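Novice: Okay, here's the prediction I keep looking at, along with the sequence it came from:
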Amino acid sequence: MRTTVDNIKSELIDLLPKLRRFSYSLTCDSTLGDDLAQATVEKALRNLSKWDGSRPLKFWVFKIAKNIWIDQLRAQKVRGNTENIENLSDSMKDHTQADMETTQLLNEVKNKMRELPEEQHVVLVLVAIEGYSYKETAEMLSVPIGTVMSRLSRARTTLVKTFDQIH
Amino acid sequence: MEITDQMLSAYIDGELELFEVEIVEEQLARNKGLRDHVDRLNAVNSLLNQAFSIEKDVPEKLCKLVENSRVDLENVTAFRSKKEKSQKKSSNFYIPTAIAASITLVLGVMFGYWTQSTPEKNELDAILVSNIDGHSELYDVLENSPSSTSVKLIGRDNQEIMIEPLLSFKSVNGDYCREFDIHDSNKALAGIACREADATWRLEIIVASDTQPSADGKYQLSSGQDKEALDYVARNLMSNGPLSKTEEADLIARQWK
């Protein structure tokens, strides 16, 4: 049993880099992303008894992160705080003038991501950034594969339009 | 065979069957517009990965959080019997037992308390019924008041009752729903109601909140479990996040149709 406990901790620690990027991709803000990752780990550890151990731990942990993020969005809306929190200049500070165009483009992508409906946003992050298969994504979100495909396609269409407008 | 955006999206993700890949590639070879579109889809993927790359190491406090935690495996499902596992509920939307117990308790205490608090039916009892129709003051507020606008009602005993819709959203079933809080000087509650086809509002959940507002003027839920219950119901009902003020105003003008 001790080995198993160590295995779970080890699996969680291995998962942290991916969880951080997932959280960053959801919040579109590196600081808020780290806060979300921490809240997710705390909740996962507190509720480990709810994990169905026959399913991958990472699916369960990512689902916790997604749920916390959606709850936070709702809470923000209740408080009337819908402004973007990210300081757009933050990610520009380490760049030279030559990089500014790319940085601006990347910030546009982040802004557009914030505007996507939550369900499209999550699917896009899981597939395009985290590299999960459609089957894995469908399992993680408890939706049919067809739903994953349509949400993904709609999200990409929106981003491609943004990309076209910039160029 | 028409090549849809969905097929192209699946193509760049390597999710098509072999015969579908052949069809798409045949079209790509002949259609420059299609090739350009695939290039743009790939460019978006690349931008997304650049935009959300993380260079810094995982913060030490996050690693310590896991390393120093006390993990109890006694109750993890993987270590339970198959019989126990098979008893898991398979419905897509259900309220976990602990949360359901919390809601039942709140409802029981709430209605019981109010019903017994005065010999006559309490004003809030009349407001909070499972199906809110045109006879309820809450109905008017849900139908007509924009979110973040408090409406003051005067009860029969001259007690002030405040109702505030907090946000509106479309449910996974296609209904429109509103989260609200309601309080008098003794009690405060937060709830969610969804509009039915017959134009009544169905109460989905109601939980107790603190009777005194916090610094931001909002009422906080009394217990973590109540908050969890409200969050759980909202999360499972909400299809696409809260509606914007414009969308909400439009729906109010169209009587939520």
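Specialist: Right, received. Where do you want to start?

Novice: Beta-bridge partners for the residue nearest to residue B:132 when sequence neighbours are not counted, please?
Specialist: Spatial nearest neighbour of residue B:132, chain neighbours left out: residue B:201 (4.1 Å); criterion: C-beta to C-beta, 6 or more residues apart in numbering or on different chains. (Glycine included, C-beta is placed from N, CA and C.) Residue B:201 forms beta bridges with residue B:132, residue B:195, as assigned by DSSP bridges.

Novice: Identify each buried residue in whichever strand in chain B runs longest, please.
Specialist: The longest strand of chain B (DSSP state E) is strand B:160-171. Using 16 or more other C-beta atoms under 10 Å in any protein chain shown as the test for burial, strand B:160-171 gives B:161, B:162, B:163, B:164, B:165, B:166, B:167, B:168, B:169, B:170, B:171.

Novice: do stretch A:142-154 as well
Specialist: A:147, A:148, A:149, A:150, A:151, A:152, A:153, A:154.

Novice: tell me the mean pLDDT for it?
Specialist: Here stretch A:142-154 scores 93 as its mean pLDDT.

Novice: roughly how far out does that stretch sit from the chain middle?
Specialist: Distance, stretch centre to chain centre, for stretch A:142-154: 16 Å (C-alpha atoms, centre = their mean, to the nearest Å).

Novice: And what about whichever residue of chain A sits closest to chain B, helix, strand or coil?
Specialist: Across chain A, no residue is closer to chain B than residue A:53, which sits at 2.1 Å (C-beta to the nearest C-beta). The three-state label given to residue A:53 by DSSP: H, G, I helix; E, B strand; the rest coil is coil.

Novice: Please tell me how far it sits from residue A:60.
Specialist: 9 Å (C-beta to C-beta, to the nearest Å).

Novice: quick one on the thing from earlier: tally of neighbours for the residue of chain A closest to chain B?
Specialist: 17 (other C-beta atoms under 10 Å in any protein chain shown).

Novice: Could you pull up phi and psi at it?
Specialist: Torsion angles at residue A:53 (phi, psi; degrees, to the nearest 10) stand at phi -60, psi -10.

Novice: ok so residue B:16 is a helix residue?
Specialist: No. Residue B:16 is assigned coil when assessed by three-state DSSP, not a helix.

Novice: residues touching it, list them.
Specialist: Neighbouring residues of residue B:16 by C-beta atoms under 8 Å, 6 or more residues apart in numbering or on different chains: B:7, B:10, B:24.

Novice: which one among those gets closest to chain A?
Specialist: Out of the contacts of residue B:16, the member with the shortest distance to chain A (by C-beta to the nearest C-beta) is residue B:10, at 6.1 Å.

Novice: Verify the stated contact: residue B:54 with residue A:31.
Specialist: No. Residue B:54 is not in contact with residue A:31 according to C-beta atoms under 8 Å; the separation is 11.9 Å.

Novice: Settle it for me: which of these two has more neighbours?
Specialist: residue B:54 (16 against 13).

Novice: For that one, give me its contacts.
Specialist: Counting by C-beta under 8 Å, 6+ apart, residue B:54 makes contact with A:17, A:20, A:21, A:24, A:30.

Novice: ok, and the closest non-adjacent residue to the third one?
Specialist: Take residue A:21 and drop its neighbours on the chain: the residue closest to it by C-beta to C-beta, 6+ apart is residue B:54, 5.3 Å away.

Novice: Give me the secondary structure label for the one you found.
Specialist: Note that with three-state DSSP, the state of residue B:54 is coil.

Novice: Give me the phi and psi for it.
Specialist: Residue B:54 adopts backbone torsions of phi -120, psi 120, taken as degrees, to the nearest 10.

Novice: confidence score at it?
Specialist: At residue B:54, the model reports a pLDDT of 80.

Novice: Repeat that for residue B:85.
Specialist: So, for residue B:85, pLDDT stands at 41.

Novice: Please apply the same query to residue B:97.
Specialist: If you check residue B:97, the pLDDT there is 50.

Novice: Contacting chain A as well, which ones from the contacts of residue B:16?
Specialist: Applying C-beta under 8 Å from any C-beta of the partner chain to the contacts of residue B:16, one finds that residue B:10 fall near chain A.

Novice: Let's see which of the contacts of residue B:16 end up in helices.
Specialist: Within the contacts of residue B:16, residues falling in helices by DSSP state H are B:7, B:10, B:24.

Novice: of the residues you listed, buried ones?
Specialist: Taking 16+ other C-beta under 10 Å as the criterion, what is buried in those is B:7, B:10, B:24.

Novice: Tell me which residues of the helix or strand harbouring residue B:143 come out buried.
Specialist: Element membership of residue B:143 [criterion: DSSP states H and E] is helix B:137-144. Of the residues in helix B:137-144, B:137, B:138, B:139, B:141, B:142, B:143 count as buried by neighbour count, 16+ other C-beta under 10 Å.

Novice: following that helix, which helix or strand comes up?
Specialist: Toward the C-terminus, helix B:137-144 is succeeded by strand B:151-154 as the next helix or strand (DSSP H and E).

Novice: Give me the buried positions along that next one.
Specialist: B:151, B:153.

Novice: for that strand, packing partners?
Specialist: If you count contacts as 3 or more C-beta pairs under 8 Å, 6 or more residues apart in numbering or on different chains; DSSP states H and E, strand B:151-154 packs onto helix B:137-144, strand B:160-171.

Novice: May I see these organised as TSV, with mean pLDDT and distance to residue A:36 added?
Specialist: Below are the helices and strands packed on strand B:151-154 laid out as TSV (pLDDT from 0 to 100; distance: least, C-beta to C-beta, whole Å):
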stretch	mean pLDDT	distance to residue A:36
helix B:137-144	87	32
strand B:160-171	87	21
